[in-house]
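Q: this one's sequence-less:
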């Protein structure tokens, strides 16, 4: 699961020493701080020959976000990548997205969120560094990001 933009800013603002002490509580505290002082940079997102502008992108091959919260009906064995492109992120819309996650476990019900299953996504930061988080861990900042679905798999035997 990769978060590009809004949620990655939260992850980047967390000191790993404090994260070890407070655990997941720090995500809620920093999330509230970023919610109150929301400042988004528009990202250019390219997929399926189209260009979109977005404030936040979530791309995942799993149905879970932030631990145990369902965001879609996919399965890790589906061989597809689900990407949500949040076009105009506001505080009110963010509250609505959280309600969708809690009640329905599916973000694709929202008309203001673009849901794509594209295998190649290119994100350009418009001369800004784009924060990226992978599974809740800081993955740095980049001017451009390419997300590609891979057919390669790793099998684990337990």
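A: That came in fine, so what should we check first? This is a predicted model, so every value here is computed, not measured.
Q: Can you report how many residues neighbour the closest residue to residue 135 other than its chain neighbours?
A: Setting aside the residues directly before and after it, residue 135 is nearest to residue 1 in space (C-beta to C-beta, 6 or more residues apart in numbering), at 5.5 Å. All C-beta atoms are positioned from the backbone trio N, CA, C, and that covers glycine. The burial metric for residue 1, expressed as a neighbour count using other C-beta atoms under 10 Å, is 18.
Q: Looks like residue 1 contacts residue 63 (just checking).
A: No. The pair residue 1 and residue 63 fails to qualify as a contact (C-beta atoms under 8 Å) at a distance of 9.8 Å.
Q: In the protein, what residue spans correspond to helices?
A: Counting by DSSP state H, the segments of the chain that form helices are 6-12, 16-22, 25-36, 91-103.
Q: Please identify the most buried of those.
A: Each of the helices of the chain was scored by mean neighbour count; the highest is helix 6-12, a mean of 21, by mean count of other C-beta atoms under 10 Å.
Q: mean confidence score for that helix?
A: Across helix 6-12, pLDDT averages out at 92.
Q: repeat for stretch 16-28
A: Along stretch 16-28, the predicted local confidence has a mean pLDDT of 89.
Q: Show me what it is in contact with.
A: With contact meaning C-beta atoms under 8 Å, 6 or more residues apart in numbering, stretch 16-28 is reached by 10-11, 14, 29, 66-67, 136.
Q: now do the same end-to-end measure for that stretch.
A: Start to finish, the residues bounding stretch 16-28 are 15 Å apart (C-alpha to C-alpha, to the nearest Å).
Q: How far away from the center of its chain is that stretch?
A: Remark: stretch 16-28 is offset 19 Å from the chain centroid, using C-alpha atoms, centre = their mean, to the nearest Å.
Q: Thanks a lot, see you next time.
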